[in-house]
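Student: 3D model of this:
(one chain, ligands or ions: 2)
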Amino acid sequence: MVIKPRLKGGLALTNHPIGAKEFVKRQIDYVKSQDKYEGPKKVLIIGSSSGYGLATRISLAFGAGAETIGVAFEKGVEGKRVGSAGWWNTIAFNEAAEKEGLVSKNFIGDAFSMEMKDDVIKFIKEEFGGKIDLLIYSLASGVRTDPIDGITYRSALKSTTKEITGPTINFEKETMEETTMGVATPEEIKSTVKVMGGEDWKLWIEALDKGGVLSEGFKTVAYSYLGPKVTYGIYKEGTIGAAKRDLEHTSDILNDFLKEKYNGEAYVSLSKALMTRASAVIPIFPLYAALLYKVMKEKGIHEGTIEQKHRLLTQMVYGNNPVIDEERRLRPDNWEMREDVQEEVEALWDKVTPENFKQISDYAGARAEFMQLNGFDFDNVDYDADVDLDELAKLVP
Ligand code: NAI
Ligand code: NA
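Tutor: Ligands and ions are numbered 1, 2, ... in the order given. All right, here's what the predicted structure looks like:
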């Protein structure tokens, strides 16, 4: 079967397994082109199959020689359905890691469940040398069933202040259009915090601690975003911002606990805005990203997912150049937040129209990045070639 891209707004309905291999390979090539670094040897990554979690895993494996366990929620081939991009990314990662003799184990399923935590702990004890040095928490999800009360919560991407209308990019129609973000009810705020806040991160650490699988000096980092003024309404002051504040609060609790017991550390890291499956569906965000790319590329300081995570790990978490703010957050978003960068983005934001957005933003770059997340738009992949789904269906992460 020949697989063509099909989009619906900011969602990709198809993805290309051969392209996924290229997507992963390019990130590995980047890491290999950089110096090796001293880092953790045994790592658990929650949300390992795409976006920032995948990039982190690639940096740690190919830059620091880490053995990794990945947890992700993905789907394989079902009939004529090709499976999810993260499924193919994970298979591509495995193949590459195996070639280098690096252990790469995957758990595909619900990270929020207690069963998943138990399964991972059992594996660490019996087959992974007994302990882990690092846990990366990089989940992006719209739904979570609380394992304690059994209630299923759904997150809402809404404002907490007032209704917000602003422009965004529709990648399907290739247009700039107005989107409106409604105001969340108190219930919706609470649910979003339940899904995207720190509760599950804390449950993971508690379970791993109880299981006796945390090493001396153990570290954990959860990924978050803050963003600049132009996105405050939708992000910082939105439901998602409320959830991220909960995550930050959790990092302080975990840090105290880990310091005391393991001489360990817990951090939240604020990352740069990038196109990922999660961010492409946030209203306003894709246009902001396209304008930001334009400015950062012109200044020679643009980073993709892999560059951003590699810098976080080599210079901050395992390096001597951490950028930490007064709220104890790691700030690899420091280049995005530079005053000169934001001034220029704001100036473009004031000027951008449905007629000129392709010219004045890095629309092409943002779109290519979005397509490549799904395995499309690589110049060295033959998209007219037949993909043998039956053969591919035999592969599992
Ligand atoms: P993504 O959508 O690319 O990755 C999400 C990961 O979570 C995938 O591996 C997916 O399989 C996994 N996942 C989702 N639900 C799951 C479940 N129930 N059980 C197990 N795995 C599950 O998203 P992205 O953008 O990499 O986001 C990761 C984190 O980075 C989020 O906390 C996000 O807020 C943060 N971040 C993202 C930024 C961006 O611009 N994309 C900027 C700054 C932070
Ligand atoms: Na991720």
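Student: just the helices in this structure please.
Tutor: 17-33, 51-64, 85-99, 114-127, 186-196, 199-210, 239-262, 285-298, 305-311, 339-351, 357-360, 363-373, 389-392 (DSSP state H).
Student: who are the neighbours in contact with the residue nearest to L60 when sequence neighbours are not counted?
Tutor: The shortest distance from L60 to any non-neighbouring residue, by CB to CB, 6 or more residues apart in numbering, is to A66 (4.0 Å). In this view, the C-beta of every residue, glycine as well, is placed from N, C-alpha and C. Shown in contact with A66 (CB atoms under 8 Å, 6 or more residues apart in numbering): G39, P40, K41, K42, V43, L60, L102, L134.
Student: And those residues, which two are furthest apart?
Tutor: L102 and L134 (14.9 Å; CB to CB).
Student: Compare the two and say which is more crowded by neighbours.
Tutor: L134 (28 against 17; other CB atoms under 10 Å).
Student: Please look at the more buried one and G217 and confirm they touch.
Tutor: No - applying CB atoms under 8 Å, one finds L134 not in contact with G217, separated by 9.7 Å.
Student: any idea how far the residue of the chain found nearest ligand 2 lies from ligand 1?
Tutor: Using CB to the ion, the closest approach of the chain to ligand 2 is made by G53 at 2.9 Å. Distance of G53 to ligand 1, given as CB to the nearest ligand atom, to the nearest Å: 5 Å.
Student: Skipping adjacent residues, who's closest to that residue in space?
Tutor: S138 (3.3 Å).
Student: which residues touch the one you found?
Tutor: I45, I46, G47, S48, G51, Y52, G53, T56, A222, Y223 are the contacts of S138 under CB under 8 Å, 6+ apart.
Student: neighbour-wise, which of those residues leads?
Tutor: S48 (34 neighbours).
Student: That one against A72, yeah?
Tutor: Yes - taking CB under 8 Å as the definition, S48 is a contact partner of A72 at 5.2 Å.
Student: Which neighbours do those two have in common?
Tutor: T90, N106.
Student: Any chance you could note which residues of this structure sit beside ligand 2?
Tutor: G47, G51, Y52, G53, S138 (CB under 5 Å from the ion).
Student: Just name the closest of those to E339, please.
Tutor: When the residues of the chain next to ligand 2 are compared against E339 (criterion: CB to CB), the nearest one is Y52, at 24.9 Å.
Student: so what's the residue most central in space within the chain up against?
Tutor: For the chain, Y52 is the residue whose C-alpha lies nearest the centre (CA atoms, centre = their mean; 3.3 Å). By CB under 8 Å, 6+ apart, Y52 lies in contact with S138, Y223, S271, L274, T276, T305, Q308, K309.
Student: could you redo those as TSV and give each row distance to ligand 1?
Tutor: Shown next, in TSV, are those (distance: CB to the nearest ligand atom, whole Å):
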residue	distance to ligand 1
S138	4
Y223	4
S271	4
L274	4
T276	3
T305	7
Q308	9
K309	10
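Student: Can you tell me which of the residues you listed has the most neighbours?
Tutor: Ranking these using other CB under 10 Å puts K309 first, with 32 neighbours.
Student: for the closest residue in space to that one that isn't next to it in sequence, what are its contacts?
Tutor: Once flanking residues are discounted, K309 sits nearest to A55: 4.2 Å by CB to CB, 6+ apart. Counting by CB under 8 Å, 6+ apart, A55 touches Q27, T305, I306, Q308, K309, H310.
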